[in-house]
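> heads up, no residue letters with this:
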């Protein structure tokens with residue numbers, strides 16, 4: 001115990017020390033304020049510089065330059081760069097923005113939208129944009145001769161939407177029934193030039209127009225860039241559209257860039273090397289998990305900017321071809337058309353191990369198409385098939401599949417073995433690792449998968465013609481709102497991948513999904529819409545026509561000389577706002 005005098009002395013010392021600290025901090029603060037006063041306020045961010053180009057990588061060649069007849073990632077990216085829509089969903093905010101229509105009025109029943117086109121907006125060849133182009137584009141999409149993948153999307157309650165020209169600058173879009181997402185539907189409605197495409201559309205030959213062999217001068221648009229050159233297997237060059245309608249906040253013309261060069265780099269290791277060495281500025285898609293360490297090192301050195309975008313909203317998927325017109329003569333079709341067989345595959349896969357192995361720990365297990373990245377529509381109570389090989393074996397036995405001859409492969413009573421080929425895209429590491437895990441886990445229950453990697457266009461051709469046993473692939477949802485991905489959910493949809501373009505529902509459960517999706521899309525109450533879509537997810541989980549295993553965490557990187565990038569989990573992550581992207585000019589003399 002210390003004496004009282006010592007205590008008083010300690011208190012005095014503390015008080016004196018406190019006063020000294022306050023005095024020092026006060027002086028430092030005054031010095032700091034004086035320095036700020038001398039320097040003035042912090043300099044505002046530098047205005048975007050004009051000119052220059054960016055180099056973007058893509059992993060496959062384009063299938064077409066015509067978004068009306070193709071829906072792959074490259075064609076979608078080209079449409080974002082060269083074409084326009086009446087309204088746009090901002091991919092960063094998810095808000096609807098005026099685009100080719102500068103304003104609109106909504107009818108009292110919410111079914112009609114009077115759209116006013118931008119005065120002075122023209123096509124890249126100088127022809128004016130008019131309501132006739134809008135009417136023409138919708139007619140072309142809905143014409144069955146064109147087999148447009150957008151046709152299913154442009155329907156409400158099973159009936160097509162309508163476009164009526166009031167005058168050259170005004171068009172009325174009418175829905176046959178109320179639609180929960182409202183105007184968001186028009187984000188998928190690409191407007192194309194009537195004066196260029198009408199002859200081909202009238203002859204039912206729209207699918208052959210604007211192919212990758214078309215002269216660039218024939219391809220016109222309202223987007224920020226124009227196709228100027230294409231070298232198959234190497235690169236696509238797009239130049240600034242001098243007639244682009246959009247202006248920057250200060251009233252100056254957009255886009256900032258003079259040119260976008262898309263280099264075709266199928267090999268992901270080569271793509272990573274070119275990104276980290278500065279030979280490309282942006283990539284078409286997110287980074288692979290194995291790229292993170294190398295990119296982080298480049299980011300720490302100031303050469304790249306590394307972004308964590310969160311859990312992706314699209315994930316790799318696995319499904320069997322269930323189209324009876326193609327598969328009914330195959331004795332194995334008796335296996336795959338039974339939900340018990342598909343559930344057995346789902347039980348066989350260890351999703352935690354799948355996420356850790358495929359995405360190197362940067363992923364989460366999933367059991368359905370809606371991932372935790374889609375916060376509004378994700379349903380955590382979705383029925384799950386936990387990893388259980390004994391349960392999987394029991395399900396196979398319930399439909400007559402057993403390893404009767406002891407060779408490790410289950411077969412039916414006639415000796416038909418459960419052997420299948422999985423097609424996937426060559427050179428994509430998540431596909432390759434995922435397919436390998438599927439093969440190994442399925443082998444533990446006596447189902448044999450052989451993996452056949454193909455080039456992207458070959459995979460799409462097999463999918464569209466239903467010439468495959470099983471596919472492991474990723475396709476893009478049209479929108480976060482499921483009502484705008486009807487091409488997947490409806491049995492008649494062009495993206496109903498396990499059994500495309502059914503004239504009538506092939507099964508009772510698909511007929512029920514059709515009913516639920518039509519009601520869900522036409523319902524205004526958000527809670528009721530979620531309830532209806534949860535029913536859809538439950539049916540899909542029970543019937544298991546398509547299996548999901550893990551969703552990746554998205555990382556994205558770009559060269560630090562590129563400014564204005566607002567990357568999102570939607571593909572392409574960066575080029576959705578290409579008109580406001582710019583580059584920093586190199587120092588003089590370099």
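Thanks, I have it. Predicted model only: the values in this text are computed from it and were never measured.

> where do the helices sit along the stretch 201-350 of the chain?
In the stretch 201-350 of the chain, the segments counted as helices under DSSP state H, counting those that start in this stretch are 268-276, 292-300, 324-327, 333-336, 339-348.

> Confirm residue 436 sits in a helix?
Yes. Membership of residue 436 in a helix is supported by DSSP: H, G, I helix; E, B strand; the rest coil.

> Contact partners for it?
Residue 436 sits next to residue 451 when contact means CB atoms under 8 Å, 6 or more residues apart in numbering. C-beta coordinates here come from the backbone N, C-alpha and C atoms, glycine included.

> Tell me the spacing between it and residue 70.
Here the distance between residue 436 and residue 70 works out to 30 Å (CB to CB, to the nearest Å).

> List the buried residues for the strand or helix carrying residue 458?
Assessed by DSSP states H and E, residue 458 sits inside helix 456-465. Using 16 or more other CB atoms under 10 Å as the burial criterion, the residues of helix 456-465 that qualify are 456, 459-460, 462-463.

> Show me which of these is closest to residue 86.
Proximity of the buried residues of helix 456-465 to residue 86 (CB to CB) peaks at residue 460, which lies at 28.1 Å.

> Contacts only, for the nearest residue in space to residue 434 that is not next to it in sequence.
In space, and not counting its chain neighbours, residue 434 is closest to residue 358: 4.9 Å by CB to CB, 6 or more residues apart in numbering. By CB under 8 Å, 6+ apart, residue 358 lies in contact with 289, 316, 430, 433-434, 437, 549-550, 552.

> could I get these as TSV with pLDDT?
Listed next are the contacts of residue 358 as TSV, based on pLDDT from 0 to 100:
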residue	pLDDT
289	91
316	91
430	92
433	95
434	96
437	97
549	97
550	96
552	93
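
> Quick one: those residues as TSV, columns for distance to residue 173 too.
As requested, these are exported to TSV (distance: CB to CB, whole Å):
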residue	distance to residue 173
289	43
316	35
430	39
433	44
434	41
437	46
549	39
550	39
552	36
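
> just the residues you listed now: which is nearest residue 201?
When the contacts of residue 358 are compared for distance to residue 201 (CB to CB), residue 316 wins out at 35.7 Å.

> Can you report how many residues neighbour that closest one?
For residue 316, the neighbour count with other CB atoms under 10 Å is 26.

> Just list the residues touching it, thanks.
Contacts of residue 316 (CB under 8 Å, 6+ apart): 358, 430-431, 434, 472-474, 548-550.

> and it, how far is that from residue 429?
Counting by CB to CB - residue 316 and residue 429 are separated by 11 Å.

> What about residue 262, how many residues nearby?
25.

> is it in a bridge, and if so with what?
Taking DSSP bridges as the rule, residue 262 bridges to residue 56, residue 236.

> remind me which residues of the stretch 401-550 of the chain are low pLDDT?
478 (pLDDT under 70).

> what about the helices in it?
Assigned by DSSP H, counting those that start in this stretch, the stretch 401-550 of the chain shows helices spanning 429-443, 456-465, 486-489, 508-521, 526-543.

> Of the ones you listed, which stretch is the most buried?
Counting by mean count of other CB atoms under 10 Å, helix 486-489 has the highest mean neighbour count of the helices of the stretch 401-550 of the chain, with a mean of 24.

> helices and strands around it, which ones?
Secondary-structure packing of helix 486-489 (3 or more CB pairs under 8 Å, 6 or more residues apart in numbering; DSSP states H and E): helix 508-521.

> What lies in contact with the helix it packs on?
Residues from elsewhere that reach helix 508-521, judged by CB under 8 Å, 6+ apart: 156-158, 179-181, 482-483, 486, 489-492, 499, 502, 505, 529, 532-533, 535-536, 539-540, 542-543.

> go on, stretch 162-172?
With CB under 8 Å, 6+ apart, stretch 162-172 has contacts from 112-117, 119, 128, 130-132, 134-135, 138-139, 173-174, 176.

> Mind giving me the ChimeraX select for those residues, buried ones only?
The buried subset of the contacts of stretch 162-172, as determined by 16+ other CB under 10 Å, is captured in ChimeraX by this line:
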select :112,113,114,115,116,117,130,131,132,134,135,138,139,173
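
> Now, the contacts of stretch 162-172 that are in helices?
131-132, 134-135, 138-139 (DSSP state H).

> Domains in this structure, by residue range?
84-210, 317-552 (automatic domain parsing).

> by contact count, what packs against the helix holding residue 458?
Secondary elements touching helix 456-465 (3+ CB pairs under 8 Å, 6+ apart): strand 419-425, strand 470-473.

> Let's test this: name the helix or strand in this structure with the lowest mean pLDDT.
When the helices and strands of the chain are scored by mean pLDDT, DSSP states H and E, helix 4-39 comes last with a mean of 35.

> one step back: tell me how far the helix holding residue 458 is from the chain's mean position?
With CA atoms, centre = their mean, to the nearest Å as the basis, helix 456-465 stands 19 Å off its chain's centre.

> what's the answer for stretch 280-294, then?
Taking CA atoms, centre = their mean, one finds stretch 280-294 lying 16 Å from the centre of the chain it belongs to.

> again, but for stretch 561-571
On CA atoms, centre = their mean, the centre of stretch 561-571 falls 14 Å from the chain's centre.

> ok, now stretch 295-315?
When distances are taken as CA atoms, centre = their mean, stretch 295-315 is centred 18 Å away from the chain's centroid.

> quick one on the thing from earlier: with pLDDT added, can I get the ones in helices among the contacts of stretch 162-172 in TSV?
Formatted as TSV, those follow (pLDDT from 0 to 100):
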residue	pLDDT
131	98
132	98
134	98
135	98
138	97
139	96
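
> Which one of those residues is nearest to residue 561?
Distances from residue 561 to the ones in helices among the contacts of stretch 162-172, taken by CB to CB, are shortest for residue 134, at 38.6 Å.

> mind giving me CSV with the contacts of residue 316 and columns for distance to residue 167?
Listed next are the contacts of residue 316 as CSV, based on distance: CB to CB, whole Å:
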residue, distance to residue 167
358, 55
430, 51
431, 50
434, 53
472, 51
473, 45
474, 44
548, 48
549, 53
550, 52
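
> Please identify the one among the residues you listed that lies nearest to residue 574.
The shortest approach to residue 574 among the contacts of residue 316 belongs to residue 474, at 18.2 Å (CB to CB).

> That closest one: how many residues sit nearby?
19.

> and it, how far is that from residue 285?
From residue 474 to residue 285 the distance is 10 Å (CB to CB).

> rewinding a little: looking at the helices and strands packed on helix 456-465, which is buried most?
Of all the helices and strands packed on helix 456-465, strand 470-473 carries the top mean neighbour count, a mean of 24, counting by mean count of other CB under 10 Å.

> Cool, thanks, signing off.
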